[in-house]
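> My questions are about this predicted structure, shown below with the sequence.
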Amino acid sequence: MRWGADRWRFYRLIGREITRSVRDTYARLTGRPDILARARVTGLVIAPHDLRTSDATFADDIYAGLFVFAGRSLSVSGRSPFDYAPPSQEWADILYGFGWLRHLRAADTALARANARAFVADFVAGRGDTALARPTPVAARRLISFLCQSPLVLEGADHVFYQSFLKALGKAARELEGDLRRGISPQTRLLAAVALCYAGLCCEGIQPILRRSTRILVRELDRQILRDGGHRSRDPRFAMELLLDLLPLRQSFLSRSVDPPDALLHAIDRMLPLLRLLRHPDASLSHFNGMGATAADHLATLLVYDGALAQPMMHAPNSGYERMEGGRVLVVADVGAPPPLPDSINAGAGCLSFEMSSGPQRIVINCGLPASGPELRRLARSTAAHSTATVADTSSCRFLVGGGAWYERWAVRWLSHRIGPVILRGPRAVKSERTSEDGASILAARHDGYAHDFGVIHERRWRLAASGQVLEGEDAFVRSVGPKRGKVRRQEVAVRFHLHPAIAARGLDDGRIELSLPIGEVWHFGAEGGEIALEESVYFAGLTGARRTDQIVIYLSVADDTRVRWGFARSQNPGG
C-alpha cells in the first residue's frame with residue numbers, strides 16, 4: 001500500500017471497525033434474546049427449486065473421493081472431506097456451503113442419496129472445522145442448500161437422522177438471525193436475509209422469522225439494488241448468484257400463498273436486463289469487478305426468465321457500464337467509480353477498461369478474477385490486469401494490503417480478516433457521455449484516479465462504426481487542475497489490450513499487430529503516439545484455470561497533455 005494521504009483514511013477505517021467490534025460485543029452480551037431462541041424446527045413444508053444446474057458426472061468424482069472446487073482438488077481416499085485441511089479458502093467455502101449436493105441429486109440413485117446423507121451426517125455430528133463453516137455467507141449458503149436438497153437427503157432416512165437434520169436447520173437459522181444483529185457487511189446481510197426467508201417459508205416452528213427477515217430483505221434490496229438493476233458492488237458474479245436465489249424465493253412465497261414483497265419483484269425485474277448488457281455473444285459475462293469464469297448454463301437459465309426476445313440495455317448509468325453494438329461487434333466498457341468501501345471486496349481498478357467481441361469470439365478482454373488464491377486475486381484486481389491505461393506502473397485504486405510499521409501490518413491483517421481486501425481509495429470523479437455520428441456509436445469517459453499522486457486525468461474515447469468493421473479509440477492524459485499541476489513530472493504510461501487466449505497475434509513489418517480469430521476473421525491493430533509491443537499476459541478466468549495469452553501494450557511518456565490514438569480494423573482480405 002502506498003501510504004501518504006491514505007494513512008489517515010486507513011486510521012479512520014481502523015477506528016470505525018474497532019467501534020463496530022465493541023458495539024457488536026456489547027450487543028451480544030446485553031441484547032435481548034433473538035426471536036428464535038425458544039423455537040425449533042418441527043417439520044419441512046416445501047423444498048425450494050434449485051436453479052443452479054447439476055451434473056451427474058460430478059457425483060462420479062465424489063464417489064471416487066475426489067472433490068474439485070474453485071479450481072482446486074482434494075482426494076480423500078475413502079475418508080470424509082471434513083477431515084482434511086482445505087487446499088484453499090474458496091474451496092472450503094464451497095465444501096461447507098454444500099451447494100455441490102445438487103450434483104448428487106442429479107445422479108438420482110440410492111447410492112447418491114446415501115452419500116448425501118453421510119456427508120450431511122458428518123457435518124451435523126461436528127466433523128470439520130467450525131471456523132471454516134461459521135462465516136455468515138457460508139452458513140447462509142449451507143442453509144439454502146440443505147433446504148433445496150432436503151428431498152435428496154431425507155428420502156429413505158430414519159427418524160434419528162430426520163430429527164438431527166431439523167435440529168441443524170433450526171441452529172443455522174438462529175445463528176443467522178443473531179448475525180443480522182451484528183455489524184456484518186451489506187452483501188452478507190442480504191444473503192443472510194434471503195436464507196432466513198427461505199427458512200421461514202420452508203420450515204414449521206420458526207414462522208416468526210419470516211416477518212423479520214422479509215423486512216430486512218426489503219430494506220437491503222432497496223439499498224443495494226441500483227435503479228438500473230446493478231448491485232452496489234458492481235460485481236456481475238454476485239448479481240448472477242443473487243438472482244439464482246431470488247427467483248426460487250419468489251416462487252417459494254407463491255407456493256406458501258404469501259404475496260412476495262414488491263421490493264423482491266422489482267429487484268428481479270431490474271437485474272435481469274443488466275445481465276444482458278454485460279453478456280457477450282459467447283454466453284459469458286464481461287470480466288469487471290469480481291467476475292471470473294461464467295457458468296454459461298446458469299446465465300442461460302436466468303435469461304429465460306427475462307424473455308427470449310428481450311433486448312439488452314445499452315446504458316447503465318448507476319452501475320457504470322456501457323454497451324455499444326455495430327454489425328457483429330460488441331464493446332462493453334466500465335465507466336464507473338469504485339463501489340462503496342464495504343462492497344468493494346472483489347472490485348478491480350479497471351476504470352475505463354473494455355472488452356470487445358466479434359460475433360461469438362471475444363477479442364479484447366480483462367484478465368478476470370481467478371477462482372482461488374489471494375495473491376492471484378490481488379493481481380487480477382490491479383489496473384495492469386485490465387484493458388485500460390496504467391500510469392507509473394500503479395493501479396488507479398489503492399487496496400487494503402501491505403502496511404508500513406509492524407503495527408500497521410498487523411492492523412491490515414485484522415481489517416482484511418474482518419472486512420476483506422477492500423478498496424481504500426479510487427477514482428472519485430468519473431464521467432461519461434454517449435453520442436452518435438454518421439451511424440457510429442461514440443463513448444467518451446474520464447477518471448481522476450491518477451490525479452492525486454501524479455497530477456494526471458485519464459480520458460478515453462471509443463468510436464464504433466455502424467458496420468462493426470472499425471473500432472477507433474483515443475487515450476488522453478491531461479494535466480489536472482489544482483495544487484498538483486505545477487509538480488507534475490514525466491510519467492511512464494502503458495495502455496494495455498489483453499487478448500483472448502484463442503486469438504493468434506503476430507507483429508507485422510509496418511508496426512501493426514495482426515489478430516487471427518478461430519472463426520476465420522483477421523483484424524489489425526495500429527496506434528499513433530506511442531510504441532507498440534506484443535507481450536505475454538494471463539487469462540485468470542478460464543473455465544479450466546489460468547491460461548497464457550497475449551497483450552498489446554502501447555508505451556508512452558506523459559508530461560504535458562498527451563494523446564495516443566489506436567484502432568482495430570477488420571481485414572476485408574484475410575490473406576493480407
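Nice, thanks for sending it over.

> R378 belongs to a helix?
Yes - under DSSP: H, G, I helix; E, B strand; the rest coil, R378 falls within a helix.

> Need the per-residue pLDDT for it.
With respect to pLDDT, R378 scores 93.

> Show me what the nearest residue in space to H315 that is not next to it in sequence is bridged to.
Taking C-beta to C-beta, 6 or more residues apart in numbering, and ignoring the residues beside it in sequence, H315 has E322 as its nearest neighbour in space, at 6.1 Å. Every C-beta, even on glycine, is put in place using the N, C-alpha and C of the backbone. Following DSSP bridges, E322 is listed with bridge partners H315, A333.

> Am I right that E322 is in contact with M313?
No - with the criterion set as C-beta atoms under 8 Å, E322 and M313 do not qualify as a contacting pair; they are 9.6 Å apart.

> Name the residues that touch the biggest strand by length in the chain?
With residue count as the measure and DSSP state E as the assignment, the chain has strand 547-558 as its longest strand. Contacting residues not belonging to strand 547-558 are listed as 391, 456, 475, 477, 490-501, 503, 505, 513, 525, 527, 529-539, 562, 564, 566 [C-beta atoms under 8 Å, 6 or more residues apart in numbering].

> ok, back up a step: contact partners for the residue nearest to H315?
For E322, the contacting residues are 314-316, 332-333, 335, 432, 434, 443, 445, taking C-beta under 8 Å, 6+ apart as the criterion.

> next SSE after the longest strand of the chain?
On the C-terminal side of strand 547-558, the closest following helix or strand by DSSP states H and E is strand 562-570.

> From the rest of the structure, what touches that following strand?
For strand 562-570, using C-beta under 8 Å, 6+ apart, the contacting residues are 356, 358, 363-364, 468-477, 493, 495, 497, 515, 521-530, 554, 556.

> All the helices of the stretch 351-500 of the chain, residue numbers only.
With DSSP state H, counting those that start in this stretch, the ranges of helices along the stretch 351-500 of the chain come out as 374-380, 406-419, 451-454.

> Pull the CA coordinates from stretch 444-451 and hand them back as PDB.
Listed in PDB are the C-alpha atoms of stretch 444-451, where the atom choice follows Å, rounded to 0.1, in the frame of the first residue of the first chain:
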ATOM      1  CA  ALA A 444     -16.300   9.300 -24.100                       C
ATOM      2  CA  ALA A 445     -15.200   9.000 -20.400                       C
ATOM      3  CA  ARG A 446     -12.700  10.200 -18.000                       C
ATOM      4  CA  HIS A 447     -11.500   9.500 -14.400                       C
ATOM      5  CA  ASP A 448      -9.300  11.100 -11.800                       C
ATOM      6  CA  GLY A 449      -7.700   8.000 -10.300                       C
ATOM      7  CA  TYR A 450      -4.200   9.300 -11.100                       C
ATOM      8  CA  ALA A 451      -4.800  12.900 -10.300                       C
END
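
> And Y555, how far from G336?
Computed as C-beta to C-beta, to the nearest Å, the Y555 to G336 distance reads 27 Å.

> Likewise for E322?
In this structure, E322 and G336 are separated by 9 Å, where distance is defined by C-beta to C-beta.

> how about low-confidence regions in the chain?
Counting by pLDDT under 70, the ranges of the chain that qualify are 1-8, 24-39, 308-309, 402-408, 481-488, 573-576.

> How are the strands of the stretch 451-576 of the chain distributed by residue range?
Per DSSP state E, counting those that start in this stretch, the stretch 451-576 of the chain has strands spanning 456-464, 470-479, 491-499, 504-507, 513-516, 522-528, 531-539, 547-558, 562-570. These are given in chain order.

> partners of the fifth one in the sheet?
Applying DSSP bridges, strand 513-516 is found paired with strand 504-507 (antiparallel), strand 522-528 (antiparallel).

> Show me the contact partners of it.
When contacts are taken as C-beta under 8 Å, 6+ apart, the neighbours of strand 513-516 outside the stretch itself are 363, 499, 503-508, 522-526, 532, 534, 552, 568.

> how far out from the middle of the chain is it?
Computed by C-alpha atoms, centre = their mean, to the nearest Å, the separation of strand 513-516 from the middle of its chain amounts to 31 Å.

> Ok, the second one next?
In terms of C-alpha atoms, centre = their mean, the centre of strand 470-479 is found 28 Å from the chain centre.

> got the angle for that strand vs strand 491-499?
Put simply, strand 470-479 runs at 160 degrees to strand 491-499, going by axes from the mean of the first three to the mean of the last three C-alpha atoms, to 10 degrees.

> what packs against strand 470-479?
In terms of contact count using 3 or more C-beta pairs under 8 Å, 6 or more residues apart in numbering; DSSP states H and E, strand 470-479 is assigned the packing partners strand 389-391, strand 456-464, strand 562-570.

> nearest to T214, of those strands?
Nearest to T214 among these is strand 456-464 (43.5 Å), distances taken as C-beta to C-beta.

> ok and that closest one relative to strand 547-558, angle-wise?
Orientation note: strand 456-464 sits at an angle of 120 degrees relative to strand 547-558 (the same axes, to 10 degrees).

> what are the pairing partners of strand 456-464, and which direction each?
Strands flanking strand 456-464 in the sheet, each with its direction: strand 440-447 (antiparallel), strand 470-479 (antiparallel) (DSSP bridges).
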